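Chemist: Can you look at this prediction? I've put the sequence above it.
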Amino acid sequence: MSRLTISMPDQMNEWVEAQISAGRYGNVSEYFRDLVRRDQERRENAIRELRTILDRAEQSGVSERSLPEVLEAARQEARQKGLLLGAD
């Protein structure tokens, strides 16, 4: 197993310590391992979702809509799914 040293602002450290004190985690290492696992899962889910969208798009054939129309529809769908938060 590897060791890792990190630096963080006091406020973040207090948050981590509060999570441990509340019994959510046994120690700092457990907390950070959980964060990494959640990040991995989130990225894997995003990749799966993107593949699903691409497969669906490919199966739908060639669109008669203009590129700006297609992009706007894609942005709206991404916002609805929480994948795009207001930014274009």
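Modeler: Now that the structure is in, tell me what you want to look at.

Chemist: which SSE is Glu41 in?
Modeler: Under DSSP states H and E, the secondary-structure element containing Glu41 is helix 28-60.

Chemist: what packs against that helix?
Modeler: The contact analysis (3 or more Cβ pairs under 8 Å, 6 or more residues apart in numbering; DSSP states H and E) places helix 28-60 against helix 10-21. C-beta: built from backbone N, CA, C; applies to glycine.

Chemist: Can you name every helix or strand that the helix it packs on contacts?
Modeler: Helix 10-21 packs on helix 28-60, going by 3+ Cβ pairs under 8 Å, 6+ apart.

Chemist: I'd like the mean pLDDT over the helix it packs on, please.
Modeler: Average pLDDT, helix 28-60: 96.

Chemist: quick check: angle from it to helix 10-21?
Modeler: Angle, helix 28-60 to helix 10-21, by axes from the mean of the first three to the mean of the last three Cα atoms, to 10 degrees: 100 degrees.

Chemist: tell me how far the next helix or strand after helix 28-60 is from the chain's mean position?
Modeler: With elements assigned by DSSP H and E, the helix or strand that comes after helix 28-60 is helix 67-80. Using Cα atoms, centre = their mean, to the nearest Å, the mean C-alpha position of helix 67-80 is found 19 Å from that of the whole chain.
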